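Undergrad: A predicted structure for the sequence below; I have some questions about it.
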Amino acid sequence: MIIGVLQVELVVDGAMSLKDKRRVVKSLKDKLHNEHQVSVAEIDLQDSVTTAVLGIAMVSNDVQYTQGAMDKLIEKIKKGRGYFVQDFDLQILTGQ
């Protein structure tokens, strides 16, 4: 079993309230889940008006596939609107 885990820290442009931030975050979460069949959750800084930390995970049986899919996710997230990526961390976990 191969597990890809991606943690992404986003800064939401122009967010003046939690409602503004959550609108942008929810849109991104829904898009990633629907288009790439990954699990996505806001995992930290929920009370910050401008910053969000997302956790993204996928499970497969192939390391190269998982690495490629996660790399595509990173590029897609970096090209998004309404926010910019401040930091990210990608891990590929393997197990028996």
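TA: Good, I have the coordinates.
Undergrad: strand partners of the host helix or strand of I3, parallel vs antiparallel please.
TA: Assessed by DSSP states H and E, I3 sits inside strand 2-12. Here strand 2-12 is paired, per DSSP bridges, with strand 51-60 (antiparallel), strand 83-94 (antiparallel).
Undergrad: Would you check how far apart the closest residue in space to V53 that isn't next to it in sequence and M58 are?
TA: Setting aside the residues directly before and after it, V53 is nearest to D44 in space (C-beta to C-beta, 6 or more residues apart in numbering), at 3.8 Å. Yep, even glycine has a C-beta here, placed from its N, CA and C like the rest. To M58, D44 is 20 Å away according to C-beta to C-beta, to the nearest Å.
Undergrad: Between these two, tell me which one has more neighbours.
TA: Each of D44 and M58 has its neighbours counted (other C-beta atoms under 10 Å); M58 has more, 19 against 14.
Undergrad: one step back: the residue nearest to V53 touches V25, doesn't it?
TA: No. In this structure, D44 is not within contact of V25 by C-beta atoms under 8 Å, at 11.8 Å.
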